[in-house]
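Following is a predicted model, sequence given first.
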Amino acid sequence: MSNGKQAYLCFALTNVLIFFFSSITEEYEKELGRLSSRLTWIMLASLGISKEDVKWPGPKGDNQEAHVLQLNSYPACPHPDRAMGLVPHTDSTLVSIIHQSKICGLQVFQEGTGWFRVPPVPGAMVVNVGDLMHILSNGSYVSVLHRVLVNQTQHRLSVVYNYGPPDNVPISPIPKLLSASHPALYPPVTNWSEYVDTKAKLKGKALASLRLYEPLTKLIVLFRRSE
Ligand SMILES: O=C(O)CCC(=O)C(=O)O
Ligand SMILES: [Fe+2]
């Protein structure tokens with residue numbers, strides 16, 4: 001086959017692959033959008049919050065939630081003890097839905113236990129509570145600290161659907177959840193992208209730096225310690 005024909009075949013094949021990849025990605029985004037929205041409203045409903053209580057402002061009060069689809073690739077690393085796939089962090093989202101390939105790597109931090117593995121389970125996805133859900137629920141849902149380790153021999157992939165509020169919408173604790181005994185723990189965050197910028201500057205300390213009060217449990221511990 002001539003070089004010209006080979007180049008044409010390669011070009012045509014690439015276009016076919018791009019077409020299939022884009023249509024699968026589009027379908028995936030649509031489904032995950034529906035799933036994230038349902039999960040978000042179910043989580044809020046469990047706190048007694050309805051869609052009426054969280055009207056995203058907009059020209060007609062009909063602003064749509066936003067999302068970012070992220071593809072992560074963690075090449076095999078001969079010295080996994082000297083490298084980190086993804087440093088410990090919380091997600092700047094309402095919720096994030098992770099699809100992991102068959103390789104372990106994701107770990108979650110739990111107070112008192114430390115880091116534990118979240119192994120891939122065939123047919124299952126991982127749902128992370130993000131910082132904006134933490135703020136919206138006034139700390140009822142706690143955003144999860146997690147990290148990713150690299151594998152010595154196997155390449156790991158993950159697909160993360162980051163689900164957040166419409167952009168340009170301020171996020172603050174839902175007023176219905178607040179009372180004299182449950183004051184707002186966070187001031188309004190201007191909007192999703194601004195929060196992401198703040199986080200980039202303050203690294204892991206963005207949420208803690210916004211917090212207006214210490215959790216009551218911590219105060220009790222401090223009080224007991226000083227007795
Ligand atoms: O790769 C994973 O399992 C998690 C990725 C992640 O935490 C992220 O992209 O924020
Ligand atoms: Fe994450």
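Looks like it came in fine. Ligands and ions are numbered 1, 2, ... in the order given.

Flag the shaky bits of this structure, pLDDT-wise.
Within the chain, the set of residues satisfying pLDDT under 70 comprises 57-62, 213-227.

What parts of it come near ligand 1?
70, 72, 86, 91, 98, 100, 106, 146, 148, 158, 160 (CB under 6 Å from any ligand atom). For glycine as for every other residue, the C-beta is placed from the backbone atoms N, C-alpha and C.

what number of residues lie near the residue of the chain at minimum distance from ligand 1?
Taking CB to the nearest ligand atom as the measure, the chain has Ser158 as its residue closest to ligand 1, at 3.3 Å. Close neighbours of Ser158, defined as other CB atoms under 10 Å, add up to 21.

hang on, the earlier thing: report the two of the residues of the chain next to ligand 1 separated the most.
Looking at those by CB to CB, the two members farthest from one another are Asp91 and Gln100, with 14.8 Å of separation.

Which one's more surrounded, these two?
A count of neighbours by other CB under 10 Å puts Asp91 above the other of Asp91 and Gln100, at 25 against 22.

mind listing what that one touches?
Applying CB atoms under 8 Å, 6 or more residues apart in numbering, one finds that Asp91 lies in contact with 128, 130-131, 143-144, 162.

Of those residues, which is the most crowded?
In the contacts of Asp91, the most neighbours by other CB under 10 Å go to Asp131, 26 neighbours.

thinking that residue is in contact with Thr90, fair?
Yes: in this structure, Asp131 sits in contact with Thr90. The criterion is CB atoms under 8 Å, and the distance is 5.5 Å.
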